[in-house]
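S.K.: Sequence and computational prediction follow.
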Amino acid sequence: QVQVVESGGGLVQAGGSLRLSCAASGNIFSIGFMGWYRRAPGKQRELVAGFTSSGSTNYADSVKGRFTISRDNAKNTVYLQMNNLKPEDTAVYYCNANVILTTPRLSVAYWGQGTQVTVSS
């Protein structure tokens, strides 16, 4: 069993900052992709930022220059520092981890429960 636990989020004024954290634990051999998606009201889920299995990073065009993803491999944790937040960043943010299980040796995608980010104008 694998747990993906998110923290952070909340209400902030436009121009403010927030930091999200996501930790994966349990039956983990390794992790491929790990990152953040978001779903705004009335919109489809979109990738915000993430680390690929090779260690490179991907960012949505809308957050480049404002958001930074980082990680602590020893803790299977990723962080999303969000600066200069805008009202259009308001969404539920979900952590996704593509985990290679220790036993059985399978690849499974896990999701966190989601954390609300609200940016007021």
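M.R.: Great, that's in hand. Source: prediction; values computed, not measured.
S.K.: What is the neighbour count of residue 66?
M.R.: 15 (other Cβ atoms under 10 Å). Every C-beta, even on glycine, is put in place using the N, C-alpha and C of the backbone.
S.K.: Ignoring the adjacent residues along the chain, who's closest to it?
M.R.: Of all residues not flanking residue 66 in the chain, residue 84 sits nearest, at 4.7 Å (Cβ to Cβ, 6 or more residues apart in numbering).
S.K.: And for residue 11?
M.R.: Using Cβ to Cβ, 6+ apart, the closest residue to residue 11 is residue 118 (4.7 Å).
S.K.: What distance do you get for the one you found to residue 51?
M.R.: 26 Å (Cβ to Cβ, to the nearest Å).
S.K.: Of the two, which one has the most company?
M.R.: For residue 118 versus residue 51, neighbours defined as other Cβ under 10 Å are more numerous around residue 51 (19 against 15).
S.K.: which stretches of this structure form strands?
M.R.: 2-7, 10-13, 18-26, 28-39, 46-51, 57-59, 67-72, 77-82, 91-101, 107-111, 115-120 (DSSP state E).
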